[in-house]
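Engineer: Sequence first, then the predicted structure:
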Amino acid sequence: YYITNNLRSANMFAIRRKCLNGNRRVLLLAILVISLLIINNGMRKSAIMNVRLNDSTLRTKLYSMETKVGSFYKHRLRLWYEGRCIDATDEGDLVVQFCDPNMHQAFSLTKDNQLVYERLGKCVEIGTNHGTEEFSLHLVECSIVTGAFIIAYNEGVFLTRIVDDKELCPSPVSLLKEKDVTYSPCLNDPIRLTPCDKVASRLVLMEEELFLEDRKLLKQAVMPPGSSCDFAACGFNRREPVNLLPQIKRCTKLWECVTLVVKTARRPQLVLLQAKSVREKLGFDLPTVVYDDGPDDYSAQTRRQIAEYPLMRYIVSNDEDLGIARGRDLALLEIKTEYFFLLDDDVNFTDETNIAKLVEILDTTDATIASGRYDGKVEFAAFLESGYFHNINNNPEIGMFTGVCSKVNQTIPNFPSCVRCDTSSNVFLARTQHIIDIGGWDPDLAIIEHKDLFIRLKAAGMKLVYCKDVRLEHNRPKDRHDPGEGYLEKRRRGISRYKFLLWNAWNVQYIFENNHPETVQINDAGEITYPELVGQGGHC
């Protein structure tokens with residue numbers, strides 16, 4: 001604002017001088033600057049921008065998904081609902097398994113419509129009839145296959161085969177639920193040819209190289225020696241201390257090194273309240289990128305209110321249900337500063353929002369994230385640990401143990417009120433490039449995306465600092481029955497599916513939260529002992 005006004009004054013002076021002395025170069029310069037001012041004013045008047053960006057440069061996980069093809073080569077067949085893969089046993093039976101980057105699970109669909117399992121070089125064929133319109137599927141030599149598989153697109157991707165003039169699909173069948181077709185199968189449940197189910201039979205085609213790139217953290221996990229924890233995610237069970245950097249590059253002006261990132265869902269008034277709180281508490285604005293769901297039909301008054309914050313880029317997507325993860329990923333592509341501060345749209349700054357302290361932590365240590373907390377008693381900061389915690393089925397699990405960070409009290413050099421942790425609330429300062437390097441947020445997860453991000457950070461060996469004395473206000477709308485246009489539907493939709501997708505992204509049966517730090521013990525060597533929990537631990 002001040003720069004704009006100063007430039008405007010300088011332009012008028014230059015024009016007057018040209019009129020007096022005929023200095024041609026000054027006039028040309030004035031015309032150039034005035035043109036820039038016109039562009040700038042035009043951008044400020046159009047505070048809401050409607051765009052559709054391509055986020056493929058940030059994350060490769062979108063694969064081919066809904067791309068319409070007639071054949072494919074070396075793709076994994078992932079079950080759309082819960083995220084596990086179709087695999088084959090050594091005996092040739094098709095079953096449900098984790099999508100394992102350390103296993104060869106790819107299929108190919110040839111131009112003559114043979115479905116080939118690449119690891120064994122054999123083709124999928126119909127076997128035993130298990131009742132009306134249900135057949136087993138197993139591998140045979142491709143030379144004896146008589147039928148054809150075809151890709152069908154009907155609100156999703158399906159593999160189909162015509163048997164007795166009826167369209168059937170490979171589908172998971174539960175061994176626990178009277179051998180019914182199920183959209184939430186357990187490991188080793190059979191894949192059979194059944195009448196197509198719009199949920200259970202739906203697939204995602206995952207190109208092999210892109211899949212391996214996306215799951216490289218799981219593939220590269222190294223098992224801790226001598227540990228009873230023996231599955232891939234156990235390789236994340238390390239917690240190095242936060243160290244001081246040998247060379248320090250300090251940020252002296254917050255607006256030059258921090259951008260606020262906000263994903264909203266049709267709640268611009270909350271975003272405006274947040275921007276007001278930042279201006280009031282800091283005394284200045286910070287660059288802000290806001291991503292909103294479409295359509296772009298806000299009133300002229302709302303547009304004028306947004307235009308009062310010239311450092312805010314308020315971007316409305318063409319997508320009416322963009323999702324939290326995808327919106328944040330797109331916002332990352334807009335950031336030009338070294339750090340960004342993540343906020344939900346209903347979070348406001350307070351007198352205790354010491355963002356300069358968080359900046360100083362990232363400036364002086366090797367941490368990737370420095371986080372605060374919400375006002376109130378609830379604490380979301382937690383340690384992440386992989387293991388066998390529930391005492392029934394010996395299932396691989398990841399536990400989130402809240403309150404343990406403060407109990408262990410592994411303090412940060414020069415910041416005694418801050419401790420080493422693995423997760424936090426969605427109010428944190430992060431190194432922009434580090435988050436891009438790990439792929440950002442998972443666009444498959446429209447909700448509960450934060451848990452995946454923290455697991456990904458830990459798997460990559462990145463460090464998180466939690467400062468409980470940096471607080472923000474969680475300013476949820478007073479009318480809980482009207483929190484915003486379509487907000488509740490978006491927040492509550494498909495929670496079971498997104499839980500399955502999260503669990504199976506890390507090849508565990510269960511990711512749970514333990515809110516009883518008193519059950520976690522620390523021995524004389526400083527090692528953390530986690531409790532054995534009563535319960536099943538997952539749905540299988």
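Structural biologist: Cool, got the structure. In this text, all values refer to a predicted model and were calculated from it rather than measured experimentally. Residues are numbered from 1 along each chain as shown.
Engineer: all contacts plus neighbour counts: C-alpha atoms, from now on.
Structural biologist: Will do.
Engineer: how deep is Glu320 tucked in, by neighbour count?
Structural biologist: Look at Glu320: counted by other Cα atoms under 10 Å, it has 14 neighbours.
Engineer: Can you name the residues that contact the closest residue to it other than its chain neighbours?
Structural biologist: Distance criterion Cα to Cα, 6 or more residues apart in numbering; nearest residue to Glu320, sequence neighbours excluded, is Gly294 at 4.3 Å. Counting by Cα atoms under 8 Å, 6 or more residues apart in numbering, Gly294 makes contact with 266, 316-321.
Engineer: Need the contact partners of stretch 159-175.
Structural biologist: For stretch 159-175, contacts defined as Cα under 8 Å, 6+ apart pick out 95-96, 133, 147-152, 158, 179-183, 185-186, 189-197, 200-201, 203.
Engineer: make it 7 Å
Structural biologist: Among residues not part of stretch 159-175, those counted as contacts by Cα atoms under 7 Å, 6 or more residues apart in numbering are 148-152, 179-182, 185, 189-196, 200-201.
Engineer: same thing with stretch 368-381?
Structural biologist: Under the contact criterion Cα under 7 Å, 6+ apart, stretch 368-381 has outside partners 358, 361-362, 402-403, 405, 421, 423-425, 427-431, 434, 462-468, 470-474.
Engineer: Just these: which are in helices?
Structural biologist: Among the contacts of stretch 368-381, DSSP state H puts 358, 361-362, 405, 434 in helices.
Engineer: and the longest strand for this protein?
Structural biologist: Assignment by DSSP state E gives strand 464-474 as the longest strand of the chain.
Engineer: Neighbouring strands of that one in the sheet, and parallel or not?
Structural biologist: Strand partners for strand 464-474, identified by DSSP bridges, are recorded as strand 347-349 (antiparallel), strand 369-374 (parallel), strand 415-421 (antiparallel).
Engineer: Distance from it to the middle of the chain?
Structural biologist: From the chain centre to the centre of strand 464-474 is a distance of 21 Å (Cα atoms, centre = their mean, to the nearest Å).
Engineer: which parts of it are buried?
Structural biologist: 464-474 (16 or more other Cα atoms under 10 Å).
Engineer: Could you export the residues you listed as a markdown table, including pLDDT and distance to Leu270?
Structural biologist: Output for those, formatted as a markdown table (pLDDT from 0 to 100; distance: Cα to Cα, whole Å):
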| residue | pLDDT | distance to Leu270 |
| --- | --- | --- |
| Leu464 | 98 | 28 |
| Val465 | 98 | 28 |
| Tyr466 | 98 | 26 |
| Cys467 | 97 | 25 |
| Lys468 | 94 | 24 |
| Asp469 | 96 | 24 |
| Val470 | 97 | 21 |
| Arg471 | 96 | 18 |
| Leu472 | 96 | 14 |
| Glu473 | 95 | 12 |
| His474 | 92 | 11 |
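Engineer: Please convert those residues to CSV, extending it with distance to Asn414.
Structural biologist: Output for these, formatted as CSV (distance: Cα to Cα, whole Å):
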residue, distance to Asn414
Leu464, 16
Val465, 13
Tyr466, 14
Cys467, 12
Lys468, 15
Asp469, 15
Val470, 16
Arg471, 19
Leu472, 22
Glu473, 26
His474, 28
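Engineer: Going by distance to Glu256, which of those wins?
Structural biologist: Val470 (21.0 Å; Cα to Cα).
Engineer: tally of neighbours for the residue nearest to that closest one when sequence neighbours are not counted?
Structural biologist: In this structure, Val470 finds its nearest non-sequential neighbour in Gly372, 4.7 Å apart by Cα to Cα, 6+ apart. For Gly372, the neighbour count with other Cα under 10 Å is 26.
Engineer: Okay, Gly372 and Thr252: tell me how far apart.
Structural biologist: Remark: distance between Gly372 and Thr252 (Cα to Cα, to the nearest Å) = 20 Å.
Engineer: Report how many residues lie close to the residue lying closest to Tyr530 once chain neighbours are set aside.
Structural biologist: Of all residues not flanking Tyr530 in the chain, Val520 sits nearest, at 5.1 Å (Cα to Cα, 6+ apart). Look at Val520: counted by other Cα under 10 Å, it has 17 neighbours.
Engineer: Quick check, pLDDT for Val520.
Structural biologist: pLDDT recorded at Val520 is 90.
Engineer: Kindly report the same for Val26.
Structural biologist: The model reports Val26 with a pLDDT of 52.
Engineer: Check Ala14 and give its pLDDT.
Structural biologist: In this model, Ala14 is scored at 39, pLDDT.
Engineer: Please apply the same query to Leu176.
Structural biologist: pLDDT, Leu176: 81.
Engineer: Run a quick neighbour tally on it.
Structural biologist: So Leu176, with other Cα under 10 Å, has 11 neighbours.
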